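the sequence and its predicted three-dimensional model are supplied below.
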Amino acid sequence: MNDLKTMIREVADFPKSGINFYDITTLLKDPQGLKRTMDALRERYKGSDIDTVVGIEARGFFFAPALAYALGAGFVPVRKAGKLPYQTRSMAYSLEYGSDKLEIHADAIHPGERVLILDDVLATGGTAKAVADLVTELGGKVVGMTFVIELDFLNGRGKLAGQDIFSLLHY
Ligand code: AMP
């Protein structure tokens, strides 16, 4: 799997100075990169009885519907505040400077539903934690959290205690 790293473009100082950005558009563009990424995620979660894959805006949307389709599950988007048209539940989360809000449709997860949460990158874990809290608040059971890339040195896992986490690639 580690050779997939050659398909991920690293962009220094984006979106601001000091951040090394892991750009997965180059992985998605590569037919083998896309296939192997989706196959690996499907293999990891097939048989896990996932009802719903929750994808996080924006880059989680590149992978979550394809995985949901492969697993025979549904897809639910979690979006930045103000984008979803119907009634929502929202959760604030902290960023490097200040905080932001994520929203999910209030009726998108039913009590007892088995949910897999997906995003492209696990960094500090604040985003993923907010999404897990939203799903739990709606009565869903978070059975897994999955990422294409995990930045081990930021210890995002520390914020996600008790969760079953799987990342394809580690940096
Ligand atoms: P965090 O809440 O710190 O775990 O940040 C995770 C979110 O920010 C994910 O949605 C990622 O897409 C994005 N992100 C954070 N750091 C990076 C990075 N170095 N490269 C690409 N995306 C990142």
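All right, it came through fine.

do the host helix or strand of residue 116 and the ligand come into contact?
Under the criterion of DSSP states H and E, residue 116 resides in strand 114-122. Yes: judged by Cβ under 6 Å from any ligand atom, strand 114-122 comes into contact with the ligand at 119-122. Where you see a C-beta, it was placed from the backbone N, CA and C, and this is true even at glycine.

how far does that strand sit from its chain's centre?
How far strand 114-122 lies from its chain's middle: 3 Å, per Cα atoms, centre = their mean, to the nearest Å.

hey, where'd the helices end up in the chain?
With helices called from DSSP state H, the chain shows them at 25-29, 31-45, 64-71, 126-137.

with the residues of strand 114-122 next to the ligand in mind, which one is nearest to residue 84?
When the residues of strand 114-122 next to the ligand are ranked by distance to residue 84 (Cβ to Cβ), residue 119 comes first, at 17.4 Å.

does the closest one really touch residue 130, like I thought?
No: proximity of residue 119 to residue 130 does not meet the contact threshold set by Cβ atoms under 8 Å, at 11.1 Å.

could you list the contact residues of the chain toward the ligand?
19-22, 56, 59, 119-128, 156.

and these, which are buried?
For those, a burial check counting by 16 or more other Cβ atoms under 10 Å picks out 22, 56, 59, 119-128, 156.

may I see those residues organised as JSON lines, with pLDDT added?
Listed next are these as JSON lines, based on pLDDT from 0 to 100:
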{"residue": "22", "pLDDT": "98"}
{"residue": "56", "pLDDT": "98"}
{"residue": "59", "pLDDT": "98"}
{"residue": "119", "pLDDT": "98"}
{"residue": "120", "pLDDT": "98"}
{"residue": "121", "pLDDT": "97"}
{"residue": "122", "pLDDT": "97"}
{"residue": "123", "pLDDT": "95"}
{"residue": "124", "pLDDT": "94"}
{"residue": "125", "pLDDT": "96"}
{"residue": "126", "pLDDT": "95"}
{"residue": "127", "pLDDT": "96"}
{"residue": "128", "pLDDT": "97"}
{"residue": "156", "pLDDT": "96"}
